[in-house]
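**Student:** Could you look at this predicted model? Sequence included:
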Amino acid sequence: LRIAEQLSDIFWDRFGGIKKWHGRLERDYYKTGYVTGHSGYRRRAPVSYNERINCVDAATECLTEFGWRKGSAIKPGMKIYTKNPKTGKIELDTVIKINKGKYKGPAHVMRGRISSVTTPNHRWLVDRFIDHGARNGGRELCVGFASSSELPMPGISTSSKRIHLTGDPVVQPGGKWLDYEVELIGWLLTDGCYTGGRKLKKTGCFNWGIHLVQSIRANPKKVARIDELFKNFTDTFSPFREAPVLPFRRTDYGQGAVNWIMFNSITNKIKEALPDKTLTSDFLAELSTGQLHLLYETMLLGDGSWDRQVGAHRSFTAGTKQRADMFSMLCVLLGIPHRLFVVPPTKTVKKYKSIKSQIISSKLCWCVRLKRRHRAQPAWHSSWVYFSGEMWCPTTKNGTFIARRDNVVYVTGNSPIQADEAKIVLDAMTRL
């Protein structure tokens with residue numbers, strides 16, 4: 001790019017008349033959308049009239065190594081999650097450049113399975129089919145990029161393009177946590193809590209414990225699984241005296257509720273890593289790919305919703321937006337398509353006087369809906385509107401980034417031709 005800029009400066013300094021002619025063509029280009037050569041032939045530009053940035057609107061978020069962030073918080077040098085078009089895997093990639101600016105003109109809007117507002121030349125990572133004919137092998141699936149202006153419109157055009165919603169699981173080595181510790185954390189985040197917090201006299205440290213509760217009547221398989229899990233813990237410590245005792249205490253109150261309480265060095269380690277009983281980006285980065293799957297499976301067993309017809313979990317419920325965002329990050333790392341939505345609170349009123357028991361009203365919660373399809377048809381609910389506002393887009397080596405808008409998560413591209421690069425391309429086009 002620097003060499004091209006130097007050659008461009010040398011060219012314009014040497015040929016001043018052509019520079020004036022180019023300036024006139026550039027002004028006409030932003031008014032009409034095309035340039036006119038000496039022969040009178042009009043070459044229409046592949047971009048919008050005033051489009052120097054090929055970006056998404058300010059409401060679009062990006063998944064960074066610290067979690068979901070708005071475009072205003074993204075800086076060059078930060079690491080964000082992208083999808084490698086060649087390998088298909090989710091990868092951490094460094095932000096080379098942030099492109100921001102005001103845009104006025106037509107914008108492509110998608111609603112439904114994908115929520116986006118993009119400039120006409122914004123790129124998307126799509127699957128497309130190339131028909132070679134029955135004698136030459138039939139249809140071939142290819143992965144490539146397509147601009148927003150190339151996407152099909154409902155009732156106007158059709159296409160085989162499918163936008164990527166996710167990728168293959170991220171590759172992480174792990175090594176800091178053991179598998180049974182990760183499974184214990186999964187049960188703690190959904191069906192457990194911290195207990196204790198007593199300060200020890202000898203060390204002066206606080207001793208924290210973990211308390212799990214599960215119903216043996218409703219979930220006997222889960223109780224059996226937790227019993228097998230606690231057999232792995234042999235580190236013994238008592239919350240009441242600083243001497244080795246039983247590894248953990250299991251209590252069955254006879255009313256269907258089974259309790260497990262454990263105090264040892266592992267519980268203190270978990271309390272230090274997750275003090276608010278909420279997943280963190282640093283903790284997820286310390287797990288291997290297999291441990292991420294184990295954590296995901298355990299959390300769904302605790303607070304997931306099982307669909308009998310499909311035979312799989314369909315959603316995960318969280319009490320706060322932060323917990324839902326971190327579970328969303330876990331889904332991205334595992335390549336699981338999903339979206340978030342809010343479940344509003346409900347207030348139930350007693351309709352009959354014979355009802356004496358208290359009716360509990362539900363509180364506001366967040367639900368992460370798990371999808372089965374890894375691609376989305378862009379033709380549905382697509383339209384063109386006039387847009388005026390801020391646009392932004394990061395530049396990465398892989399040419400993509402994980403985006404979220406209106407709680408819909410998907411993979412989108414970042415346009416490599418931005419700002420100064422677009423200027424050089426426009427210079428070359430006008431000389432043609």
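**Tutor:** Now that the structure is in, tell me what you want to look at.
**Student:** dump the residue contacts of the nearest residue to Phe129 once chain neighbours are set aside.
**Tutor:** Counting by C-beta to C-beta, 6 or more residues apart in numbering, Phe129 lies nearest to Ser160, which is 4.2 Å off, once chain neighbours are set aside. Using the backbone N, CA and C atoms, a C-beta is placed for each residue, glycine as well. Contact partners of Ser160, counting by C-beta atoms under 8 Å, 6 or more residues apart in numbering, are 127-129.
**Student:** Ser160 falls within a helix, correct?
**Tutor:** No: according to DSSP: H, G, I helix; E, B strand; the rest coil, the state of Ser160 is coil, so it is not within a helix.
**Student:** can you pull the pLDDT of it?
**Tutor:** For Ser160, the pLDDT comes out at 75.
**Student:** same thing with the one 10 residues further on?
**Tutor:** Val170 carries a pLDDT score of 94 in this model.
**Student:** Verify the stated contact: it with Lys89.
**Tutor:** Yes: with the criterion set as C-beta atoms under 8 Å, Val170 and Lys89 qualify as a contacting pair; they are 6.7 Å apart.
**Student:** Show the low-confidence segments of the stretch 301-432 of the chain, by residue range.
**Tutor:** Across the stretch 301-432 of the chain, the ranges flagged by pLDDT under 70 are 347-362, 379, 415-432.
**Student:** for the stretch 101-250 of the chain, same thing?
**Tutor:** Residue ranges of the stretch 101-250 of the chain with pLDDT under 70: 132, 134, 136, 155-159, 197-206, 235-246.
**Student:** re the thing from before, and the residue nearest to Phe129, how far from Thr412?
**Tutor:** As judged by C-beta to C-beta, to the nearest Å, Ser160 and Thr412 stand 19 Å apart.
**Student:** same check, this time on Arg373
**Tutor:** As for Arg373, its distance to Thr412 is 17 Å (criterion: C-beta to C-beta).
**Student:** of the two, who's got more company?
**Tutor:** The residue with more neighbours, out of Arg373 and Thr412, is Thr412; 25 against 11, by other C-beta atoms under 10 Å.
**Student:** Could you pull up phi and psi at the more buried one?
**Tutor:** Note on Thr412: backbone dihedrals following degrees, to the nearest 10 are phi -130, psi 160.
**Student:** I'd like to know which of the contacts of Ser160 is nearest to Pro345.
**Tutor:** Of all the contacts of Ser160, Asp127 has the smallest distance to Pro345: 40.4 Å, by C-beta to C-beta.
**Student:** wait, is Arg323 part of a helix?
**Tutor:** Yes: applying three-state DSSP, one finds Arg323 inside a helix.
**Student:** show me where the chain has helices.
**Tutor:** In the chain, the helices defined using DSSP state H lie at 2-14, 16-32, 179-191, 220-230, 265-273, 281-285, 289-303, 321-334, 420-431.
**Student:** from the chain's centre, how far out does the first one sit?
**Tutor:** Looking back up the chat, that one is helix 2-14. Centroid displacement of helix 2-14 relative to its chain, using C-alpha atoms, centre = their mean, to the nearest Å, is 41 Å.
**Student:** Return the list of helices and strands in contact with it.
**Tutor:** Using 3 or more C-beta pairs under 8 Å, 6 or more residues apart in numbering; DSSP states H and E as the contact criterion, the elements in contact with helix 2-14 are helix 16-32, helix 420-431.
**Student:** Let's see that with 7 Å instead.
**Tutor:** With contacts defined as 3 or more C-beta pairs under 7 Å, 6 or more residues apart in numbering; DSSP states H and E, the packing partners of helix 2-14 are helix 420-431.
**Student:** shouldn't Gly88 be in contact with Asp168?
**Tutor:** Yes: taking contact to mean C-beta atoms under 7 Å, the distance of 4.8 Å between Gly88 and Asp168 places them in contact.
**Student:** right, and Gln291 touches Trp177 too?
**Tutor:** Yes: with contact defined as C-beta under 7 Å, Gln291 counts as touching Trp177 (6.5 Å).
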